[in-house]
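Chemist: What follows is a predicted structure for the sequence shown.
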Amino acid sequence: MTEREHGVETKLWHGQAHMPEVKRAERLIVRGEGAYVWDAAGHRVFDFPASLWYCNVGHGRTEIATAVATQMNRIAAYSNFQEYATPPAVELAERLAAVAPMAGARVFFTNGGSDAVELAAKLVRAYWRILGRPEKTVLVSREHCYHGLHGFGTSIAGMQQNREGYGALLPDVVRVPHDDLTTLERLLVGPEGARVAAVFCEPIIGTGGLINPAPGYLESLKGLCRTHDVLLVVDEVVTGFGRTGRMFASERFHIEPDILLFAKGVTSGYMPLGGALISGRVAEPFWADGSPHIFRHGLTYQGHAAACAAAHANLDILEREGLVARAVELESVLADALAPLRADPWVVEVRMGKGLLAGVVLPSPELAADVVDRCWQRGVLTRRIGAGDTLHLSPPLVADEHELRWACGVIGLALESARRASRRARQQQARRR
């Protein structure tokens, strides 16, 4: 089914959705090509968020579909438990380890980003227990950071709305301001400091509102973690695989994580896949010859052969078409295209990340929702992030200069249209009085 009669109530429970609004107002996306997708009525829209940040190489890449089908005709998947593996998983681990921004990297695959957060939270605690420091269980995160919606991810989330209503969450979790190293240092030198196992950090905060780190923050954070013997877990689920103009944002900010989490752009969303790049330091207690230790964690579909085949084809495209470098080239284009919005009376702030990442902050969630709808009508798909007041802009890396300038212009037109509608509403109210 590709079309739905208007007003028919869906049976699909949408993620992060207010279902009384959504249940009769689904937008069915039926096709994609390049930086565009089409709905069931044939309406073409520019995919400014690249779905949920992930479609780096663009839609409709038949070579990825072919790679998946070819692998499925051999063997679709097989367990990676104990000694078993498939060639695509082994080869992808080698490929990712070779570009990892840390020494001696090992790769643990998951089904997605939220799974990767769970993996890391368990691994850092297991690591310190093996090293004879079982008291190091406290996980530190930063306000506004996302970190998925599984058990550990919900517990450490810096977005309060994702934590509310579930009762008691996991203990030994501390949140600190996203831009304040002093508070973190005070924690680490205080009585609880010896119990801190790891700091979880998005290099650029994504879903929390597209918030950049202060200059030097991440470099200082890494130094602080080293000084106090704390692991640094860098969540690059959003920023990995070219999004910031480097394979990983850690390279752009000159930091070396102990664990790096990835998903989304590793396959550009063509198949579900995530994982962690784990430094040699953290892997060593589990990998050293003679070690008795087993990390008792795993997922049925980790290292899924067809998903890994999709990742190989996706990485081939990134390399062949120079899309990582393209993100740097288009960074200034996107900034220039958004510059006129800084003068718009209804724009609170334009936030430019690295590469192709940006957010446009509006005065209220209600206005942002209205602008999202007006953009859709004009051929641009965007969505709300942060407190619901920020437009999400992270286009596929295949978008061109003209498309970026046009799409940013559509946001300006949508804002002007919303102002005109607001003026008309006020005039009508005045006449009724």
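Modeler: Perfect, I can see it now.
Chemist: Identify each buried residue in stretch 24-39, please.
Modeler: Of the residues in stretch 24-39, 26, 29, 32, 34, 35, 36, 37, 38, 39 count as buried by neighbour count, 16 or more other C-beta atoms under 10 Å. For the C-beta atoms, the positions are set from N, CA and C on the backbone; glycine is no exception.
Chemist: actually stretch 36-53, not the one I wrote
Modeler: By neighbour count, and taking 16+ other C-beta under 10 Å as the criterion, the buried residues in stretch 36-53 are 36-39, 45-53.
Chemist: same question, stretch 87-95
Modeler: The neighbour-count criterion (16+ other C-beta under 10 Å) identifies 88, 89, 92, 93 as the buried residues of stretch 87-95.
Chemist: export these to CSV and tack on pLDDT, secondary structure and distance to residue 211?
Modeler: Written out in CSV, the entries for the buried residues of stretch 87-95 read as follows (pLDDT from 0 to 100; DSSP: H, G, I helix; E, B strand; the rest coil; distance: C-beta to C-beta, whole Å):
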residue, pLDDT, secondary structure, distance to residue 211
88, 98, helix, 36
89, 98, helix, 35
92, 98, helix, 31
93, 98, helix, 32
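Chemist: So of these, which two are at opposite extremes in space?
Modeler: Taking C-beta to C-beta as the measure, the buried residues of stretch 87-95 reach their widest spread between 88 and 93, a distance of 9.7 Å.
Chemist: still on that earlier bit, ok, the buried residues of stretch 36-53 vs residue 405, which is closest?
Modeler: Proximity of these to residue 405 (C-beta to C-beta) peaks at residue 46, which lies at 11.3 Å.
Chemist: could you measure that closest one against residue 376, distance?
Modeler: Counting by C-beta to C-beta, to the nearest Å, the gap from residue 46 to residue 376 is 10 Å.
Chemist: What of residue 14?
Modeler: 16 Å.
Chemist: hmm, who's touching stretch 108-116?
Modeler: Residues lying outside stretch 108-116 but in contact with it, judged by C-beta atoms under 8 Å, 6 or more residues apart in numbering, are 80, 89, 92-93, 118-119, 123, 147-150, 153, 235, 237, 261-264, 272-276, 278, 297, 299, 301-304, 308.
Chemist: Mind giving me the ChimeraX select for these, buried ones only?
Modeler: Remark: buried members of those, expressed as a ChimeraX selection using 16+ other C-beta under 10 Å:
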select :80,89,92,93,118,119,123,147,148,149,150,153,235,237,261,262,263,264,272,273,274,275,276,278,299,301,302,303,304,308
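Chemist: pull the longest helix from this protein.
Modeler: The residue-count maximum for a helix in the chain (DSSP state H) belongs to helix 401-432.
Chemist: List the buried residues in that helix.
Modeler: In terms of neighbour count (16+ other C-beta under 10 Å), helix 401-432 has its buried residues at 403, 404, 407, 408, 409, 410, 411, 412, 414, 415, 417, 418.
Chemist: Please name the residues that touch the third one.
Modeler: Yep, that's residue 407 we're talking about. Contacts were defined as C-beta under 8 Å, 6+ apart; by that measure residue 407 touches 46, 48, 337, 380, 395.
Chemist: from those, which single one is nearest residue 318?
Modeler: The nearest one, if we look at those relative to residue 318 and count by C-beta to C-beta, is residue 395, at 15.2 Å.
Chemist: Please name the residues that touch the closest one.
Modeler: Counting by C-beta under 8 Å, 6+ apart, residue 395 touches 35, 46, 47, 48, 49, 50, 334, 356, 403, 404, 407.
Chemist: Could you count how many residues lie near residue 365?
Modeler: Residues contacting residue 365 under the criterion other C-beta atoms under 10 Å number 14.
Chemist: can you check the one 10 residues further on too?
Modeler: Residue 375 is surrounded by 24 other residues when neighbours are defined as other C-beta under 10 Å.
Chemist: Now it. Nearest residue, chain neighbours left out?
Modeler: Leaving aside its sequence neighbours, residue 375 sits nearest to residue 414 (C-beta to C-beta, 6 or more residues apart in numbering; 4.7 Å).
Chemist: close enough to count as contact, the one you found and residue 379?
Modeler: No. Applying C-beta atoms under 8 Å, one finds residue 414 not in contact with residue 379, separated by 10.7 Å.
Chemist: What are the neighbouring residues in contact with residue 340?
Modeler: With contacts taken as C-beta under 8 Å, 6+ apart, residue 340 has the following neighbours: 408, 412.
Chemist: rerun at 7 Å
Modeler: Counting by C-beta atoms under 7 Å, 6 or more residues apart in numbering, residue 340 makes contact with residue 412.
Chemist: part of a strand, is it?
Modeler: No. Counting by DSSP: H, G, I helix; E, B strand; the rest coil, residue 340 falls outside a strand, being helix.
Chemist: got the phi/psi numbers for the closest residue to residue 196 other than its chain neighbours?
Modeler: Counting by C-beta to C-beta, 6+ apart, residue 138 is the residue found nearest to residue 196 once chain neighbours are left out, at 4.6 Å. Note on residue 138: its backbone torsions stand at phi -70, psi 130 [degrees, to the nearest 10].
Chemist: gap between residue 138 and residue 235?
Modeler: In this view, residue 138 and residue 235 are 17 Å apart by C-beta to C-beta.
Chemist: Low-confidence regions, the stretch 151-300 of the chain specifically.
Modeler: Within the stretch 151-300 of the chain, the set of residues satisfying pLDDT under 70 is empty.
Chemist: List phi and psi for residue 350.
Modeler: Dihedral angles phi and psi of residue 350 (degrees, to the nearest 10) take the values phi -110, psi 120.
Chemist: Residue 157 - how many residues pack around it?
Modeler: Other residues within reach of residue 157 by the criterion other C-beta under 10 Å amount to 26.
Chemist: That one against residue 147, yeah?
Modeler: Yes. Because the distance of 5.5 Å satisfies C-beta atoms under 7 Å, residue 157 is recorded as touching residue 147.
Chemist: if we can go back for a sec, now flag whichever of the buried residues of stretch 87-95 is closest to residue 316.
Modeler: Closest approach between the buried residues of stretch 87-95 and residue 316, by C-beta to C-beta: residue 92, at 11.6 Å.
Chemist: wait, the closest one sits on residue 312?
Modeler: Yes. Under the criterion of C-beta under 7 Å, residue 92 is in contact with residue 312, at a separation of 6.1 Å.
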